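*Asks:* Sequence isn't available, so here's the structure alone:
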């Protein structure tokens, strides 16, 4: 990963991850923020292909956890990524991370901060001028940088399948990851190629700060499998050898591997991959609200008629949420050690998906919906249940003042 003082944080995955925030404003994609999607190829038309990339790889048989079998079956598809930034100062000239092959066409997933200058304070991140990938046999070939998505810290590379034999790995379903299940992280920590570390899923649905944007990742997978320098971009496998996450960062006071590790959920990686390959860009839906968790204690204190949901704290003027008639809270009051803005609409369902909290609102909008869609928001206002159609916008690239 990128060397240098700033890069030591991003590349070593030592950046302190974000605490779960009740306010889901500009860091979530529901209001404006600084996430940028770089268009490297494509004609500008937008569509989404929900098929999993074509791969001959299949899940491993059996129900046990056998790290040696995972390594033996998957290591050929795990790569070391070398990026060179010829335009940067010597101390920031090169980066090293990991990646993995996901299709017979030679497409590779990795972390955006491995192959771009994102995370180093650049307002307009640049891609690496040269990228190479090394296979498990030590052979190194050039790779094309297809594009990147700063919101989820994911990038797509492509190698010519004729340049080297490729062995894609199967992609799993991160929404089915369970706390306590065993996992295996593969990559090249400190440049030590094809290394294996094991652990468990420590938590799911974590909200963490992205290394490459001002937004949070709502569905990160927390793991105690060591993730350190050079691991970023590598796969996190489940017991059957399916990728459920992209190793991204570690929360650590020292910057070493004894902290809490996080992986970007592979479902987010699939979304980015499909859009970049098909359209050359990634688009995220935008509502334009800040929301807070509604809990039973809050509901009793402020006399809400429901106990769970996402309370709209404020609405960005002239946003899709404002156009649809969503209303924010009017007064702030402290309750049990934190400030709560009450009186706003409670979003309890989007489309057919019920919401338990503010993170659910983020999750549905950013992961399941697209700009231009009209979706029904079921809200509770003054004890009455209403349905408001919301025409979703596209997340702005530049930040605007908070609502």
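*Replies:* Arrived safely. These figures come from a predicted structure and were not determined experimentally.
*Asks:* Just give me the neighbour total for the closest residue to residue 224 other than its chain neighbours.
*Replies:* Closest residue to residue 224 apart from its sequence neighbours, by C-beta to C-beta, 6 or more residues apart in numbering: residue 199 at 4.2 Å. Heads up, the C-betas are built off the backbone N, CA and C, glycines and all. Under the neighbour criterion other C-beta atoms under 10 Å, residue 199 is assigned a count of 16.
*Asks:* any idea how far residue 227 is from residue 199?
*Replies:* Separation of residue 199 from residue 227 (C-beta to C-beta, to the nearest Å): 9 Å.
*Asks:* shared neighbours of these two, anything?
*Replies:* 185, 261 (C-beta atoms under 8 Å, 6 or more residues apart in numbering).
*Asks:* picking that back up, parallel or antiparallel, list what pairs with whatever helix or strand the residue nearest to residue 224 lives in.
*Replies:* Taking DSSP states H and E as the definition, residue 199 sits inside strand 195-209. Here strand 195-209 is paired, per DSSP bridges, with strand 182-187 (antiparallel), strand 216-223 (antiparallel).
*Asks:* Looks like residue 221 contacts residue 236 (just checking).
*Replies:* Yes - Residue 221 is within contact range of residue 236, at 6.8 Å (criterion: C-beta atoms under 8 Å).
*Asks:* what's the overlap in contacts for those two?
*Replies:* Going by C-beta under 8 Å, 6+ apart, residues that sit against residue 221 and also against residue 236 are 244-245, 263.
*Asks:* thinking again about what came up before, so can I have JSON lines of the strands paired with strand 195-209 showing mean neighbour count and mean pLDDT?
*Replies:* Converted to JSON lines, the strands paired with strand 195-209 look like this (neighbours: other C-beta atoms under 10 Å; pLDDT from 0 to 100):
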{"stretch": "strand 182-187", "mean neighbour count": "25", "mean pLDDT": "96"}
{"stretch": "strand 216-223", "mean neighbour count": "26", "mean pLDDT": "90"}
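*Asks:* could you dump those strands to CSV with distance to residue 326?
*Replies:* Below are the strands paired with strand 195-209 laid out as CSV (distance: least, C-beta to C-beta, whole Å):
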stretch, distance to residue 326
strand 182-187, 39
strand 216-223, 20
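*Asks:* so which of the ones you listed gets nearest residue 354?
*Replies:* Proximity to residue 354 (C-beta to C-beta) singles out strand 216-223 among the strands paired with strand 195-209, at 16.3 Å.
*Asks:* For that closest one, what is the distance to the chain centroid?
*Replies:* Between the centre of strand 216-223 and the centre of its chain there are 7 Å (C-alpha atoms, centre = their mean, to the nearest Å).
*Asks:* Can you spell out the domain ranges of the protein, please?
*Replies:* 5-278, 285-394 (automatic domain parsing).
*Asks:* Lowest average pLDDT across those domains?
*Replies:* Lowest mean pLDDT within the domains of the chain: domain 5-278, a mean of 80.
*Asks:* Tell me, how many residues neighbour residue 353?
*Replies:* Using other C-beta under 10 Å, residue 353 has 14 neighbouring residues.
*Asks:* before we move on, what about residue 260?
*Replies:* Counted with other C-beta under 10 Å, the neighbours of residue 260 add up to 18.
*Asks:* ok, for it, nearest residue in space, not its chain neighbours?
*Replies:* residue 251 (4.6 Å).
*Asks:* Residue 268 - that's part of a helix, no?
*Replies:* Yes - using DSSP: H, G, I helix; E, B strand; the rest coil, the secondary structure at residue 268 is a helix.
*Asks:* Identify the residues contacting the residue nearest to residue 133 when sequence neighbours are not counted.
*Replies:* Distances taken as C-beta to C-beta, 6+ apart put residue 79 closest to residue 133, at 4.4 Å, once the chain neighbours are dropped. By C-beta under 8 Å, 6+ apart, the residues touching residue 79 are 98-101, 108, 133-135.
*Asks:* if you set the cut-off to 10 Å instead, what comes out?
*Replies:* Residue 79 sits next to 97-101, 108, 110, 132-136, 140-141, 143, 157, 159, 164, 166, 186-188, 193-194, 233-234 when contact means C-beta atoms under 10 Å, 6 or more residues apart in numbering.
*Asks:* Okay, and residue 211 sits in which element?
*Replies:* If you go by DSSP H and E, residue 211 is not part of any helix or strand.
*Asks:* so it makes contact with residue 117?
*Replies:* No - if you go by C-beta atoms under 10 Å, residue 211 and residue 117 don't touch, sitting 11.9 Å apart.
*Asks:* Report how many residues lie close to the nearest residue to residue 94 once chain neighbours are set aside.
*Replies:* Excluding its sequence neighbours, the residue lying closest to residue 94 (C-beta to C-beta, 6+ apart) is residue 84, at 5.4 Å. By other C-beta under 10 Å, 15 other residues sit near residue 84.
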